[in-house]
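Visitor: Predicted structure and sequence below. I'll ask about it afterward.
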Amino acid sequence: MPDDVILFDVRDGLAHLTLNRPARLNAVDPEAIARWQHLAHEIAERDDIGAVLFDAAGRAFCAGGDVVAMSGLAATSEPSAAGGPAALIRELADRIHEGHRVLRESTKPIVAAVQGPVAGGGLGFMLVADVIVASERATFASRYSDVGLTPDCGVSTLLPEAVGTRRALELTLTSRTLSAAEALDWGLVAEVVAPDALDARAREIANGWLTGATHAFGEAKRLVHAGRGRSFQASLDDEASTIGAAFATPDAQARIARFGRR
């Protein structure tokens, strides 16, 4: 599994994850998919990671799956072997999806710095992040129908969650491309900044998580994501047990004491 298709580094509690296939607009091929799946588990399991900065190299953020590479791989598979090309593509999608699920369910808040175009499954990769900061040069489009495919990478769930069902349908069923300003208006991104301010702003957000109540931020992320798809009572029970555990932590006790002295 090459480690240069997705760069990964951890310093002072911050995991830095960079899509690194700029010549292919950071579209993921089977090697990148395997590394994404592996790194998702590593990020979720490492106690020395408190936050994640997610970005990409080159002019584009992510064009989703590398359909050229996957088409070539599928063409070389035996049609009668274990379901043929369709089964192969499904297996690759499942591996991407596992990485997405693990990161979404983790207690590590993620900020994405989106410097350029996002298309297709790239929307799903981007929307794994909890906060998205976009450059003024970023654009956002579906493009699935251009190659006769359907949404993957969590797009059918994450996109309507971010912008609502009607707007999600508009983006996926038409050729519309959103500008950064339109994406901000739709609620697809949290902020839009000048290109030269993008990295600094994303790092500022991540460092705020690391220097603040890191444990509380992580558990808040988990609770919000977990609330979707379960009963209200289950969410209330989880909230009660989580805030009880948080209250007992030294960090919370110190912060409560400082708050009481104001």
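Guide: Nice, thanks for sending it over.

Visitor: where exactly do the strands run in this structure?
Guide: Using DSSP state E, the strands found in the chain span residues 6-11, 14-19, 51-56, 110-114, 118-119, 131-135, 139-141, 177-179, 191-193.

Visitor: The last one pairs with which strands, parallel or anti?
Guide: Put plainly, it is strand 191-193. Strand 191-193 has the following sheet partners, assigned by DSSP bridges: strand 131-135 (parallel).

Visitor: Contact partners for the closest residue to residue 18 other than its chain neighbours?
Guide: Excluding the flanking residues, the one nearest residue 18 by Cβ to Cβ, 6 or more residues apart in numbering is residue 7, at 4.1 Å. (Each C-beta comes from the backbone N, C-alpha and C, glycine too.) By Cβ atoms under 8 Å, 6 or more residues apart in numbering, residue 7 lies in contact with 16, 17, 18, 20, 57.

Visitor: Including distance to residue 30 and neighbour count, could those residues go into TSV?
Guide: Formatted as TSV, the contacts of residue 7 follow (distance: Cβ to Cβ, whole Å; neighbours: other Cβ atoms under 10 Å):
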residue	distance to residue 30	neighbour count
16	23	15
17	18	23
18	19	16
20	15	19
57	19	16
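
Visitor: what would the residues you listed look like in JSON lines with pLDDT and distance to residue 222?
Guide: Converted to JSON lines, these look like this (pLDDT from 0 to 100; distance: Cβ to Cβ, whole Å):
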{"residue": "16", "pLDDT": "98", "distance to residue 222": "22"}
{"residue": "17", "pLDDT": "98", "distance to residue 222": "19"}
{"residue": "18", "pLDDT": "98", "distance to residue 222": "24"}
{"residue": "20", "pLDDT": "98", "distance to residue 222": "28"}
{"residue": "57", "pLDDT": "98", "distance to residue 222": "30"}
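
Visitor: coming back round to it: between the strands of the chain, which one is closest to residue 33.
Guide: Residue 33 lies closest, by Cβ to Cβ, to one member of these: strand 6-11, at 9.6 Å.

Visitor: Sort out which residues of the closest one are buried, please.
Guide: Within strand 6-11, the residues scored as buried using 16 or more other Cβ atoms under 10 Å are 6, 7, 10.

Visitor: Pull the number of nearby residues for the closest residue to residue 213 other than its chain neighbours.
Guide: In space, and not counting its chain neighbours, residue 213 is closest to residue 251: 6.0 Å by Cβ to Cβ, 6+ apart. Neighbourhood size, residue 251 [other Cβ atoms under 10 Å]: 13.
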